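K.L.:
Give me a 3D structure for the following:
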Amino acid sequence: MDPDGPDPAGADPRADVRDALERLLLGGPRRLTRMQVAAAAGMPPERTQRLWRALGFPDVADDDPAFTLADVGALATLSALIDSGFVDLDTEASIARATAQALSRLADWQTDMLAEVLTRQAEEHGRADAVAAAETLLPLLTRTQDYVWRRHLAANVDRLLSSGGPGDRRELAVGFADLVGYTSRSRGMDARELGAMVEAFEATATEVIARSHGRVVKTVGDGVLYTAASAVDAVEIGLTLPDAWDDDDRPRLRVGAAHGVVLTRLGDVYSPVVNLASRLCSLARPGTVLVDRALAGRLRGLPGYRVRPMRRVSVRGYDDLQPWLVRRRPPERAGSPLEDMLDEMADEVLAAPEEDDAGGQGSGGNPGDG
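P.N.:
This next block holds a predicted model:
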């Protein structure tokens, strides 16, 4: 078929472009069934199905030719990773799931971008040029992704070795930031306006967190979960982010942060500390930062910060939680009698025997969970 010529009556004019793009993306035409892929890769069919589901794809019928030779090659690569000792049978599905969750979002964004570019190419130059444009763009995207991945891998290796070596449990500061009134505000927006606000929020959060040596763990619409190796970095993020985001047309931002031992697994973090940061975020007033006792103790004595205990409250999972409000200390107030008196009162609270805030803590947590 001539992609620029007339289409047969009743034919989908985009079908030839779709087929060409699919072959380009999948490394060839769909010719193999799941059973044939498993046999060619030397893997049990139930194992290939488990991996397929872990990657987030729906089941296909046993006789459906939904796979290509590239799928066989991917399974061969996985077998090589297992043989090398880097991946074992017990964790392969977890690694597939974590990889899929990260890349599926990237693919969603790239699909929107490609659709716009390819539609414009097709309208201006014909469908053949649209396919040629995709053939040019995809290798560029692949090289960009490989570069970013390697840089992040290098940064994580540096953090790991700087913290004393490998291990899933580390002492970290964990922070949540979320938009106050996001749900009610978003109801009055169309898709373009909502998308622009979410994009602006994620861009602002990513820049501020990176600038203060933190790491974005995940973003979920109206919130972001981040970690930092030091208490100062975590609080700098919490104090800077609301100001950087502040605008009359935007919902206000609030932040909660806590410090303690965290389990890091497949790019995510799990710990009662995560839940505690989430609860503190839900208690914070717009534009403020609340922290836990552990984080407050690491900030007291630093002249740039004012740390004050707040009234104890009960929230889900915590019967008698003690929040601490952190603000920047104005230079002109440092050393004043009132500041010194309030600092002494804060020190007395910190020096008192620690009470058990938790009333049944879970692990994990999500922005806005509360």
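
K.L.:
State the distance from the residue lying closest to residue 215 once chain neighbours are set aside to residue 216.
P.N.:
Leaving aside its sequence neighbours, residue 215 sits nearest to residue 227 (CB to CB, 6 or more residues apart in numbering; 5.3 Å). For glycine as for every other residue, the C-beta is placed from the backbone atoms N, C-alpha and C. Residue 227 sits 9 Å away from residue 216, going by CB to CB, to the nearest Å.

K.L.:
Between the two, tell me which one has more neighbours.
P.N.:
Using other CB atoms under 10 Å as the criterion, residue 227 and residue 216 rank with residue 227 on top: 25 against 15.

K.L.:
quick check, that one in a strand?
P.N.:
Yes - if the criterion is DSSP: H, G, I helix; E, B strand; the rest coil, then residue 227 is within a strand.

K.L.:
List the beta-bridge partners for it.
P.N.:
Counting by DSSP bridges, residue 227 is bridged to residue 174, residue 215.

K.L.:
Just the pLDDT for it.
P.N.:
At residue 227, the model reports a pLDDT of 94.

K.L.:
okay, now residue 62: neighbour count?
P.N.:
By other CB under 10 Å, 11 other residues sit near residue 62.

K.L.:
Adjust the sequence numbering to begin at 44 for everything that follows.
P.N.:
Will do, 44 is the new start, and the previous item becomes residue 105.

K.L.:
Run through the helices of the stretch 244-393 of the chain in chain order.
P.N.:
Remark: helices assigned in the stretch 244-393 of the chain by DSSP state H, counting those that start in this stretch are 274-288, 315-326, 336-342, 380-394.

K.L.:
which stretch among those helices comes nearest residue 160?
P.N.:
helix 274-288 (30.4 Å; CB to CB).

K.L.:
I'd like the mean pLDDT over that closest one, please.
P.N.:
The pLDDT scores in helix 274-288 average 95.

K.L.:
List the contacts of it.
P.N.:
Helix 274-288 is contacted by residues 216-218, 220, 244, 247-248, 250-252, 254-257, 269-271, 295-298, 300, 302, 329-332, 334, 338, 341-342, 345, 348, 369-371 when judged by CB atoms under 8 Å, 6 or more residues apart in numbering.

K.L.:
between it and helix 315-326, how many degrees?
P.N.:
30 degrees (axes from the mean of the first three to the mean of the last three CA atoms, to 10 degrees).

K.L.:
buried ones in helix 274-288?
P.N.:
For helix 274-288, the neighbour count (16 or more other CB atoms under 10 Å) marks 274-285, 288 as buried.

K.L.:
Can you turn the buried part of the contacts of helix 274-288 into a PyMOL selection?
P.N.:
Selection of buried members from these for PyMOL, criterion 16+ other CB under 10 Å:
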select buried, resi 216+217+218+220+244+247+248+251+252+255+257+269+270+271+296+297+298+300+302+331+332+334+338+341+342+348+369
